[in-house]
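Trainee: structural data only, the sequence is not supplied:
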């Protein structure tokens with residue numbers, strides 16, 4: 001039974017720590033975002049597309 005209780009503690013710790021780690025990762029990614037105005041965002045989106053028709 002000690003092995004089962006040890007496994008329970010490990011699973012419980014993972015269940016508590018994993019959401020906190022995910023929260024921290026998402027929060028850090030949100031803090032690094034670049035905010036642009038609509039016109040600049042549309043220009044960047046058009047530049048990122050691989051539309052071959054545009055290049056003819």
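Mentor: Perfect, I can see it now. Treat the numbers as computed from the prediction; the structure is a model and nothing was measured.
Trainee: now do the helix or strand harbouring residue 18: distance to the chain's middle.
Mentor: Using DSSP states H and E, residue 18 sits in helix 2-31. What separates the centre of helix 2-31 from the centre of its chain is 16 Å, taken as Cα atoms, centre = their mean, to the nearest Å.
Trainee: ok, the spatially most central residue of the chain to residue 15 distance?
Mentor: Geometric centre of the chain, nearest residue: residue 26, 5.1 Å, by Cα atoms, centre = their mean. Look at residue 26 and residue 15: by Cβ to Cβ, to the nearest Å, they are 18 Å apart. In this view, the C-beta of every residue, glycine as well, is placed from N, C-alpha and C.
Trainee: now residue 3
Mentor: Residue 3 sits 19 Å away from residue 15, taking Cβ to Cβ as the criterion.
Trainee: show me where pLDDT drops low in this structure?
Mentor: Applying pLDDT under 70 to the chain flags residues 49-56.
Trainee: now with 90?
Mentor: For the chain, the stretches with pLDDT under 90 are 1-3, 30-36, 41-56.
Trainee: re the thing from before, next helix or strand past the helix holding residue 18?
Mentor: helix 38-48.
Trainee: can you give me how far that following helix is from the chain middle?
Mentor: With Cα atoms, centre = their mean as the basis, the mean position of helix 38-48 lies at 22 Å from the chain mean.
Trainee: go on, stretch 21-36?
Mentor: With Cα atoms, centre = their mean as the basis, stretch 21-36 stands 7 Å off its chain's centre.
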